[in-house]
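Student: A structural model of the following input is requested.
(chains A and B)
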Amino acid sequence: MIWKILLGIWISLMIVGSFLYAPPALGLGEISRIIFYHVPLAWVAVLAYLVSMLNAIKYLRTNLIEFDERASFNAEAGIVFTLLATITGAFFARFTWGAFWNWDPRQTSIFVLLLIYGAYFILRSAVEEKELRARLSSVYAIIAFITVPFLVFIIPRLYATLHPDPIINPEGALQMDARMFQVFMVSLIGFTGLYYWIYDIQKRIIKVREKLSKGEY
Amino acid sequence: MSDLYVVLTVTLLSWIGLFIYLLKIDFKIKELEKK
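Tutor: This is a model prediction of the structure:
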């Protein structure tokens, strides 16, 4: 329980720091503070998709339905975090590029990613038989994750984009003010902790539901 | 400058709301696990 309270304080301090401690990025103004939310949300989305794939592999190896439910939850969480990253990115685009949506390579690749994981849930809802649904969607979750590094990291770097350079540019140099970087790292850790907490709650709900279905309560 | 404080307050209140919501769910599951 203590770590959850600490996480609450940690993220609260990060929010205050993102507005009052970190300076705005040169040339971008106050809107640049969105980086403390946009990038960690995108990172946590990738993490959720990775955990979804790992659970899908575990399901295929063990046939325990619990792992399929975990994979499904992580895909859901991944979609929510991707949507939040897309929305925060759209706000940044509105104030720096003049429009919420420009079909920039970054925006297009994230849109394709949302479609791929959207199809995962269409597949799940199309199959009624539990075991078959778990097996098919596990295979799909593995294939879907293979596209993630391409869509998030590779394709947007291959084409000319309006998107700012990554935190660490292709030359490996850090392009960020020291105070901004401190808040950014605090945010990255905070959002990862938040994801872990939500995942932990979901795992416990799956176990309680399982016990309920067995009539153990 | 005041706009910055408005956005900060809204973000902070949203986080506190989410945090309390998660804490409540956590407590409820803990109760169910103890049964």
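
Student: surely A:T86 meets A:L113?
Tutor: No - taking contact to mean CB atoms under 8 Å, the distance of 9.4 Å between A:T86 and A:L113 leaves them out of contact. Where you see a C-beta, it was placed from the backbone N, CA and C, and this is true even at glycine.

Student: okay, these two: which has more neighbours?
Tutor: The neighbour comparison of A:T86 against A:L113 (other CB atoms under 10 Å in any protein chain shown) goes to A:L113, with 23 against 20.

Student: quick check: pLDDT value at the more buried one.
Tutor: At A:L113 the predicted local confidence, pLDDT, stands at 93.

Student: near chain A, which residues of chain B?
Tutor: Proximity of chain B to chain A is assessed by CB under 8 Å from any CB of the partner chain, with B:3-5, B:7-8, B:11-12, B:15-16, B:19, B:22-23, B:25-26, B:29, B:32-33, B:35 identified as the residues in range.

Student: so which of those residues sit within helices?
Tutor: Secondary structure assignment (DSSP state H) places B:3-5, B:7-8, B:11-12, B:15-16, B:19, B:22-23, B:25-26, B:29, B:32-33 from these within helices.

Student: flag the shaky bits of chain B, pLDDT-wise.
Tutor: Along chain B, the parts satisfying pLDDT under 70 run over B:1.

Student: most centrally placed residue in chain A?
Tutor: A centroid search over chain A (CA atoms, centre = their mean) returns A:A45, at 1.0 Å, as the residue closest to the centre.

Student: for chain B, give me its nearest residue in chain A.
Tutor: A:F19 (4.2 Å; CB to the nearest CB).

Student: check that residue and give its pLDDT.
Tutor: Each residue has a pLDDT score; the one for A:F19 is 92.

Student: okay, now it: neighbour count?
Tutor: Other residues lying near A:F19 total 19 when counted by other CB under 10 Å.

Student: worst-scoring helix or strand of chain A, pLDDT-wise?
Tutor: Each helix and strand of chain A was given a mean pLDDT (mean pLDDT, DSSP states H and E); the minimum falls on helix A:155-158 at a mean of 76.
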